[in-house]
Each structure stands twice: as structure tokens, then as C-alpha cells.
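Asker: Here's my sequence, what's the structure:
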Amino acid sequence: MAAEAPKSVFDFTVKDIRGNDVSLSEYNGKVLLIVNVASQCGLTNSNYKELNVLYERYKSKGFEILAFPCNQFAGQEPGSNEDIQEVACTRFKAEFPIFDKVEVNGKDAVPLYKFLKSQKGGYFGDGIKWNFTKFLVNKEGKVVERYAPTTSPLKIEKDIQNLLESS
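Answerer: The predicted structure is shown next:
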């Protein structure tokens, strides 16, 4: 019997930056922003800064940011998981969870990203175009919006508020 197709992001298990399994079901009931991050991108400073602002404002209200490092765009996340954690947590002061480095495109894309892209294709098809593509997920684990890498995290604050306020 074939496994049931995932119905929400809460059906996935991913690896954290230390290699431990994390069931995304532990975020059930929270609004999520899932982002593919990179340490050496032109968008890195502004995105981490604004993601930190959003996280500070809404983490106590049921909001979580899940960051997935990815080296598929111009090799801008070349380091090991330890290097990535050092940059994200020390240089950019990220307090939100950073996960294992993943591939978001191609045959080796992780299942979570295949699901995200199947739920919300991009402007030019499904592929993730660059670092800091953002997926907004509601409390039921459904992908409700996809934002371009150049969309400032603070520009989506209203969408996050609306999801947090919906029951």
C-alpha cells in the first residue's frame, strides 16, 4: 500500500542543523514562515535583520520561522552546518530554528520543498529562483502564500498578523 500523500507541512520530518530528526508536527497550530537561507548572498543582511524583527514580535503569539540553508544559488552557503550556525546565530543573531543544509530544486530536493513548491508554484514555474524565497504556512500546515526572494520580510507582516488572528 502506497504511503498517503502529505496533506500539510506537519506531515514531514526534517533534520535540524545538528542532524537530529524534527517532526514538523510539533509546530501544529503555529503560523510558519519557511525560508531557504544563505550566508553570503546580497540579500542576507536585510533578510536576517527583518526576519529577526518578525520573530521577536510574533514568536510569543504562535509564529515560527524555519530556516533551511541551501547552497544551490551561486554557492552562497558553502560552509558546513557548524559554519552556518555560527554565521546565523552569532553574526545575524538568529534565534529561530536553523535546519540541515538542503537542496530545494532538482532531483535531490528534500520532500518538504517538493511539497511547498507543489502547493505554491512560483512566477516562472515551480523552481525556487534564489535564496530567501519565503513560504507562509497557516496553523493547519497549508501553504497560503509564496514570496519572492526580494520581498522584504517586513512587507509580509500584515499577512502573518492575519493568519495569527484567524482561529
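Asker: centroid residue for the chain?
Answerer: I34 (2.0 Å; CA atoms, centre = their mean).
Asker: Can you tell me how far that residue is from E82?
Answerer: 22 Å (CB to CB, to the nearest Å). All C-beta atoms are positioned from the backbone trio N, CA, C, and that covers glycine.
Asker: Check F73 too.
Answerer: The value you get for F73 to E82, if CB to CB is used, is 21 Å.
Asker: Using the three-state scheme, assign the residue nearest to the centre of the chain.
Answerer: Under DSSP: H, G, I helix; E, B strand; the rest coil, I34 falls in the strand class.
Asker: who's in contact with it?
Answerer: Going by CB atoms under 8 Å, 6 or more residues apart in numbering, I34 touches V9, I65, L66, F68, L112, L116, K134, F135, V137.
Asker: same thing with K7?
Answerer: Shown in contact with K7 (CB under 8 Å, 6+ apart): G141.
Asker: Could you do the one 5 residues further on as well?
Answerer: By CB under 8 Å, 6+ apart, F12 lies in contact with P6, S23, L24, P111, L112, F115.
Asker: Buried ones among those residues?
Answerer: Among the contacts of F12, those buried by neighbour count (16 or more other CB atoms under 10 Å) are P6, L24, L112, F115.
Asker: What helix or strand is the nearest residue to the last one once chain neighbours are set aside located in?
Answerer: Nearest in space to F115, with sequence neighbours left out and distances taken as CB to CB, 6 or more residues apart in numbering, is P6 at 5.5 Å. Under the criterion of DSSP states H and E, P6 resides outside all helices and strands.
Asker: and the gap between P6 and K114?
Answerer: Look at P6 and K114: by CB to CB, they are 9 Å apart.
Asker: for Y27, same thing?
Answerer: Y27 sits 19 Å away from K114 when distances are taken as CB to CB.
Asker: So for the two, which residue has more residues nearby?
Answerer: Neighbour count, other CB atoms under 10 Å: between Y27 and K114, Y27 has more, with 20 against 15.
Asker: May I ask you to confirm that P78 is in contact with P69?
Answerer: No: using CB atoms under 8 Å, P78 is not in contact with P69; the gap is 10.1 Å.
Asker: which one of these two has more residues nearby?
Answerer: It is P69, of P78 and P69, that has more neighbours when counted by other CB under 10 Å, with 25 against 12.
Asker: What secondary structure category should be reported for the more buried one?
Answerer: Under three-state DSSP, the three-state class of P69 is strand.
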